[in-house]
Structures are given as structure tokens and as C-alpha cells.
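Participant: can you look at this prediction? I've put the sequence above it.
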Amino acid sequence: MTDTLPDARTASPEGSAFPEGTVEPEYHLTEPLDPDAAELFADVPAADREYWMRTRAFVQDEVLPVIDDYWNRADYPVHLVRRMGELDLLRDGLEVDGYPAMSPLAAGLVNMEMSRGDGSMATVVAVQGGLAMRSVALLGSDEQKARWLKPLAAGTEYGAFALTEPTHGSDSTSLETRAVTVPGGFRISGSKKWIGNGSIGGLTVVWARGDDDAVHGYLVEQDSPGYSAVPIENKTALRAIWQARIRMDDVFVPTEALLPDAKTFKDTSRVLLATRLSVAWSAVGHATACYETAVHYAKQRIQFGRPLAHSQVVQERLSRMLSELTQIQLLAFRMTELDAAGRLTGEKASLAKYTTTRTARSIAANARDLLGGNGLLLPNRVARHFSDIEAIHTYEGTETMQALIIGRGITGKSAFV
């Protein structure tokens, strides 16, 4: 008699006496379904569609086969960042010399499709292109743009955006990191938290108070003496990207590292406004993944002698999910049209993020419940997206902060304090 148990991961029922119906089939849940009830995607211009399909191929062939393992181990597949650069998927719509035009819609579709694959990889685009590159592109000097934009777009350099502090998240206007003017540059001291790419080597855009007590942006190379960073552990979301705690002890940066057009927190907000629409597209991508998974599962899962899809209650759930998904697709498309026309305001961007992330949470919860216990397993896709939606619902402005921005637009009154 043996004291060992069979390995459930490798044991096969073939040739054994397993009773019929006791061996669960393998579910196939990741095939794209491209839900498009309002026919929004039918008329996507060819150049934008090419970016979308390029991202689709990357997600299906290179992300999905490995991401559960990285997510489970809280490890960062940095090689995929370089691959995204090779495929020109990191720019988030920014103009970079030597690169073709990338419209706001193309950028949105890239964010959507990347999120449909995995939230951590979509966050790479949000951090690298949406925040770090955008800070340089909007607020940097010609020399800074020449030095950083191409390497960041190519993924040969990594970029981080350090605004949030351990005690200042939503009240980031109160940040306490200081940059003191010294001969030849500045000395920066302070701490930051939740900084994607902040610990892997590269460039960190650090937001700090200068001698004038205003908020300025500084380009800090992560190998600078006094700069130290460690990945945050025990996260339940975005586990396949490292977000860091950063400590800066009298870090020297030269005068030319100051972003010349980052003079107040309003300039910081210019960067954040643009990225909120990207988060909205990410929410659409996560919601799409959850909906697709629920549809596939409903057709493949047999209960009471028939597929779940034959049940009225399941069809009602799927209909509700498609209704909600169509609503946020419409919102993301329309806000992107306004962005392309130069008419996207802060209130509109906040409304897009506020609505899409809230709705994506609802779709994910419904999908998770439809899958039952299987909805808790990483290989069945929904649990990872469910967790990652919680992160995008919070970062780049919590639900409450977005509501206050929207409310200020409605009433003309600020209620932030």
C-alpha cells in the first residue's frame, strides 16, 4: 500500500473506472467574440483596426498563454514590455518622430484589447505611454523629448510616474516630496507609493514641491544615488506588474531634468485628464473579457443534463451583461470622438472613467457568479479580471474623486474640501 496520492494535475481518467459525468471537461474561454450590438466597431478605419488586430494577435499568442503563471507568482514579464515596444503598442496615441500617426481611437482600441487580455499589461501601456511619455511629450523640453520619447516608445527604456505618496492619494495636491534648488540642479527628498515601473530601472517622472511651494515635474533616473525602490507585495490585483514604494534621500538631479512646462498642479492634471479616457477603454476591455467568458462557459457547461445557455435565467444574465457592455462601448467611442475634436473636458473624462469602471465591476460580478465555483479559478479568466477591475476603478482618481469632478461641473461648486 502506497502513502502517496496521485498528482491531480497529471492523472488521466483514460482506461480508469471513473463514472460517467465525474470528469470535468476542459473549457475553452478565451476565443474573441467581438460583441458589438450597436455596430460601433464595423466602421473602424483601417489604420485604427490594424493597431487593434496587432494587439489582438499579441494578446492571444503571447500574453494569454503565460499571464496566469506570472499573475499567480506576482512576477513581472518584462520581456513583454519590450515586445509591446517592437509592435508599437506603448505610445497611447502620442506623436513620436519616426512613428506613424496613432489616432485617439487607435489608442483606445489598443488599451481595450490589452485589457481584454490582462490588466497588468494594460497598466504597462497606461504607465509607460499614458503617464511617463505623456509627461515628457506635453511638458518637456525639446532636448528631453529627443532623449526619452523614442526609447520609451520602443520599450528599450522603462518609464514611471511618481505622484502618489504613502499619505497622499486622492489629496495629491498636498504632496510633501520636496525639491530644493542647489548649484547645478535640485536635491529631491520624499516617498512615493504605487508607482508602476518604479523599481525596474529607467526613468521616473517625480512630482515634488519646489522652492516656490508649487508642484513641478522632475526627470529622475532610477540609478541615481539616494533613489531606492521595492515592489509592493501582497497585492490582490495587477499582480503581473511591479508597483513600487520609492524613497528618495537627497537625490540630485541636474537643472536640465526639470520639466519646463510643469509649473503647477494644473499641468500635472493635463496628463491625468488624457489618461482617464484610456482607463475607460481598459474598463471596456475587462468587461468584454468577462462577457465573452460567460458566453463561452454557458455554452460548454452542462448542468441538469443540458448547457447552461438553455436556461432562461442564464440568458437573462447574458442579456443584462451585453446591455451594460454596449452602454460603455458607446460612451467610450463618443468621448474618444470628442477627444479627437479637441472637446474632451475634465468633467467628460471623469464621467467616462466613473461610468465604465463602475459598469465593468457589475459585468465582472455577474460573470463570476454565472461561472459558480469555477469563476474563482485563474485559468477560467474571470477571477483575474474581476480583481484587476478593482484596481482601475481606484487608480488615476477614485470613484469619489471622479464624482466630485463631475459634481463640480454640474453645480459650479467645488466640494473637494
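Facilitator: The structure has been received and is ready for your questions. Numbering: from 1, shown residues only.

Participant: for the rest of this, base every contact and every neighbour count on C-alpha atoms.
Facilitator: Fine.

Participant: and the longest helix along the chain, what does it pack against?
Facilitator: In the chain, taking DSSP state H as the definition, the longest helix is helix 265-300. The contact analysis (3 or more CA pairs under 8 Å, 6 or more residues apart in numbering; DSSP states H and E) places helix 265-300 against helix 104-117, helix 119-125, helix 134-139, strand 306-307, helix 312-340, helix 346-370, helix 382-394.

Participant: what angle separates that helix from helix 312-340?
Facilitator: Counting by axes from the mean of the first three to the mean of the last three CA atoms, to 10 degrees, helix 265-300 points 150 degrees away from the direction of helix 312-340.

Participant: tell me how far helix 265-300 lies from the chain's centre.
Facilitator: 7 Å (CA atoms, centre = their mean, to the nearest Å).

Participant: stretch 88-106 too?
Facilitator: Its chain's C-alpha centre and that of stretch 88-106 lie 17 Å apart, by CA atoms, centre = their mean.

Participant: buried sites along it?
Facilitator: Along stretch 88-106, these residues count as buried under the neighbour rule (16 or more other CA atoms under 10 Å): 88-96, 102-106.

Participant: may I have it as PDB, with CA atoms only?
Facilitator: The C-alpha trace of stretch 88-106 is given here as PDB (Å, rounded to 0.1, in the frame of the first residue of the first chain):
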ATOM      1  CA  ASP A  88       4.400  50.000 -31.400                       C
ATOM      2  CA  LEU A  89       1.700  49.400 -28.700                       C
ATOM      3  CA  LEU A  90       3.200  51.600 -26.000                       C
ATOM      4  CA  ARG A  91       2.500  55.200 -27.200                       C
ATOM      5  CA  ASP A  92      -1.100  55.700 -26.100                       C
ATOM      6  CA  GLY A  93      -1.700  58.000 -29.100                       C
ATOM      7  CA  LEU A  94       1.400  60.200 -28.600                       C
ATOM      8  CA  GLU A  95       3.300  61.700 -31.600                       C
ATOM      9  CA  VAL A  96       6.900  60.500 -31.700                       C
ATOM     10  CA  ASP A  97       9.300  61.300 -34.500                       C
ATOM     11  CA  GLY A  98       9.800  58.300 -36.800                       C
ATOM     12  CA  TYR A  99       6.500  56.600 -35.800                       C
ATOM     13  CA  PRO A 100       3.200  56.700 -37.800                       C
ATOM     14  CA  ALA A 101       0.200  58.600 -36.700                       C
ATOM     15  CA  MET A 102      -1.800  56.900 -33.900                       C
ATOM     16  CA  SER A 103      -5.300  58.300 -33.500                       C
ATOM     17  CA  PRO A 104      -7.200  58.600 -30.200                       C
ATOM     18  CA  LEU A 105      -9.400  55.700 -31.400                       C
ATOM     19  CA  ALA A 106      -6.400  53.500 -32.200                       C
END
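
Participant: if we can go back for a sec, out of the helices and strands packed on helix 265-300, nearest to residue 216?
Facilitator: Closest approach to residue 216 among the helices and strands packed on helix 265-300 is made by helix 134-139 (10.2 Å; CA to CA).

Participant: quick one: residues in contact with that closest one.
Facilitator: 94, 144-145, 148-149, 205, 259-262, 267-268, 271 (CA atoms under 8 Å, 6 or more residues apart in numbering).
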